[in-house]
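Participant: Predicted model and sequence follow; I will ask about them next.
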Amino acid sequence: MKTLARQERRTAAIMLLPSLIGVGIFLIFPIFLVFGISLTDWDLISTPKFVAFDNYTQLIANPEFWNSVGVTLVFSLLAIPLAIILGLLIALGLNRHLPGSRVLQICYVVPWVAAPLTLGVVWKWMLEPRTGLVNSILGSSHPWLADSHTALPVMAFIYIWQNMGYISLFFLAGLQTIPTSLYEAARLDGAGPVRTLLSITVPLLRPTTFFITVTSFISSFQVFDLVYGLTDGNPGYPADTTDVIAAHIYNAAFNSHQLGDAAAMAVLLTCAIVLITLLQQRYFAKRMTYDLN
């Protein structure tokens, strides 16, 4: 019996080895490499100079870095809650299996499948002040992406439009796991649509909501391609109001050639994402419902 168990463990280890090698080379090793670079002063040309934690100290005192953090937080708070709410509403509609639901489901997912950089370029053309489709429909010539008051909200709107269909698919899968008997019992008790939604649907979708919230916040903190396309390759325009943290890291690394600063920001971004994920996990942990019996 022990020999059989040992053979099964050996077989499992052999089968997992290729994946473990890939994870080690492409995920774990780069993390340690970036942390090592963050402890140096390096411009990609000269020899790296070890500076310990000086890059982190300078970042904490750098107002541009904190502005980038603030822009990213505002972008996430503008985009994620509304994207989740709209994704849930779309899923509720698709779950009714009305005629054309399959076609609508595909249409909602297409923006998420498309490359974010391409979407950014297309939306930039649509938002042109004089020749853009949006201003032509509205009968105005507002420079949406050049106005510091509207640039970030517009980008958040485009992010919502891109991701709400993807979010709806997960909610739809979660809705289909809820027994219909619960809704029938609620109707017999006289519960209306709103009460049913708040008392049955939303609580039973908490595991799905947790997954969507975590992955959406991670995605919003890493947004770059969309902003790059919308700003015509100048992330931060206008007046640093679209300077999300990923774009700030890109500019520090490849425009200013400050690899140490960029790596330090990447490490801090990773720590922030992990912290937010743990806080979300703690919030949802006592509110999960898995057993429907």
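Facilitator: Everything's here; your move. Keep in mind that what you see is a predicted model, and the values were worked out from it rather than measured.

Participant: Going by C-alpha atoms from here, please, whenever you check contacts or count neighbours.
Facilitator: Will do.

Participant: For the helix or strand bottoming out on mean pLDDT in the chain, output the C-alpha coordinates as PDB.
Facilitator: When the helices and strands of the chain are scored by mean pLDDT, DSSP states H and E, helix 2-23 comes last with a mean of 83. C-alpha atoms of helix 2-23 as PDB (Å, rounded to 0.1, in the frame of the first residue of the first chain):
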ATOM      1  CA  LYS A   2       2.900   2.400   0.900                       C
ATOM      2  CA  THR A   3       4.700   1.500  -2.300                       C
ATOM      3  CA  LEU A   4       1.500   2.300  -4.300                       C
ATOM      4  CA  ALA A   5       1.200   5.700  -2.600                       C
ATOM      5  CA  ARG A   6       4.800   6.400  -3.100                       C
ATOM      6  CA  GLN A   7       4.500   5.700  -6.800                       C
ATOM      7  CA  GLU A   8       1.400   7.900  -7.100                       C
ATOM      8  CA  ARG A   9       3.300  10.800  -5.500                       C
ATOM      9  CA  ARG A  10       6.200  10.300  -7.800                       C
ATOM     10  CA  THR A  11       4.000  10.200 -10.800                       C
ATOM     11  CA  ALA A  12       2.200  13.400  -9.700                       C
ATOM     12  CA  ALA A  13       5.500  15.100  -9.100                       C
ATOM     13  CA  ILE A  14       6.700  14.200 -12.600                       C
ATOM     14  CA  MET A  15       3.500  15.500 -14.200                       C
ATOM     15  CA  LEU A  16       3.700  18.700 -12.200                       C
ATOM     16  CA  LEU A  17       7.300  19.300 -12.900                       C
ATOM     17  CA  PRO A  18       6.900  21.100 -16.200                       C
ATOM     18  CA  SER A  19       4.400  23.500 -14.800                       C
ATOM     19  CA  LEU A  20       6.500  24.100 -11.700                       C
ATOM     20  CA  ILE A  21       9.500  24.900 -13.900                       C
ATOM     21  CA  GLY A  22       7.400  27.400 -15.900                       C
ATOM     22  CA  VAL A  23       6.000  29.100 -12.700                       C
END
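
Participant: Distance from the chain centre to that helix, please.
Facilitator: 34 Å (Cα atoms, centre = their mean, to the nearest Å).

Participant: any idea which helix is longest in this structure?
Facilitator: Longest helix in the chain by number of residues (criterion: DSSP state H): helix 63-94.

Participant: Please export the alpha-carbon coordinates of the helix or strand that the least confident helix or strand of the chain is followed by; PDB is fine.
Facilitator: Moving toward the C-terminus from helix 2-23, the next helix or strand (DSSP states H and E) is helix 29-38. C-alpha atoms of helix 29-38 as PDB (Å, rounded to 0.1, in the frame of the first residue of the first chain):
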ATOM      1  CA  PHE A  29      12.300  34.300 -10.500                       C
ATOM      2  CA  PRO A  30      11.100  37.700 -12.000                       C
ATOM      3  CA  ILE A  31       9.700  38.700  -8.600                       C
ATOM      4  CA  PHE A  32      13.100  38.300  -6.900                       C
ATOM      5  CA  LEU A  33      14.900  39.800  -9.900                       C
ATOM      6  CA  VAL A  34      12.700  43.000  -9.800                       C
ATOM      7  CA  PHE A  35      13.200  43.200  -6.000                       C
ATOM      8  CA  GLY A  36      17.000  43.000  -6.600                       C
ATOM      9  CA  ILE A  37      16.900  45.700  -9.300                       C
ATOM     10  CA  SER A  38      14.900  47.900  -6.900                       C
END
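
Participant: contacts for helix 29-38?
Facilitator: Phe53, Asn55, Leu259, Gly260, Asp261, Ala262, Ala263, Ala264, Ala266, Val267 (Cα atoms under 8 Å, 6 or more residues apart in numbering).
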